[in-house]
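>>> just coords:
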């Protein structure tokens, strides 16, 4: 399946190769080739929007584009794309970093020092006490700031 879209500087063509339906994960997965002459690269969001239109996906958030590599000299990029049947399927299967990248989850904002202190505190306890160590560490940090 190839699709053309007009841009300000030229035409961008997306070719989908090796497309297959993965019934276990409820997604369509494919290798994509993006032809973009006279341009350095194309944003993933633009490619995802075009794939959403082409394959008639329910929502643009069901389309995940990753692994784009631009050929030396520009003009062509290739990567991978997943198009999920529903948003729930995507939330079940996709890793956390990918959901954060697509705006479906928020990244935890903690300092590096806090994460390392918590890790070392958890090393000192065993079993179910590890979870309690995590909450206690958070409580002590808040108490110190007050």
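Okay, I see it. This one's a predicted model, so the numbers in the text were calculated from it and none came from an experiment. Numbering: from 1, shown residues only.

>>> Which residue ranges of the chain form helices?
44-54, 87-93, 96-101, 112-123, 129-145 (DSSP state H).

>>> Return the most buried member of the ones you listed.
Highest mean neighbour count among those (mean count of other Cβ atoms under 10 Å): helix 44-54, with a mean of 18. Quick note: C-beta positions are derived from backbone N, CA and C, even for glycine.

>>> what packs against that helix?
Counting contacts by 3 or more Cβ pairs under 8 Å, 6 or more residues apart in numbering; DSSP states H and E, helix 44-54 packs against strand 2-6, strand 11-22, strand 27-35, strand 63-70, strand 76-84.

>>> and it with strand 63-70, angle?
Helix 44-54 runs at 130 degrees relative to strand 63-70, counting by axes from the mean of the first three to the mean of the last three Cα atoms, to 10 degrees.

>>> which residues touch helix 44-54?
1, 3, 5, 12, 14, 16, 32, 34, 57, 59-60, 62-66, 68, 81, 83 (Cβ atoms under 8 Å, 6 or more residues apart in numbering).

>>> That one: how far from the chain's middle?
In this view, helix 44-54 has its centroid 14 Å away from the chain centroid, taken as Cα atoms, centre = their mean, to the nearest Å.

>>> what angle sits between it and strand 76-84?
Using the same axes, to 10 degrees: helix 44-54 against strand 76-84 is 60 degrees.
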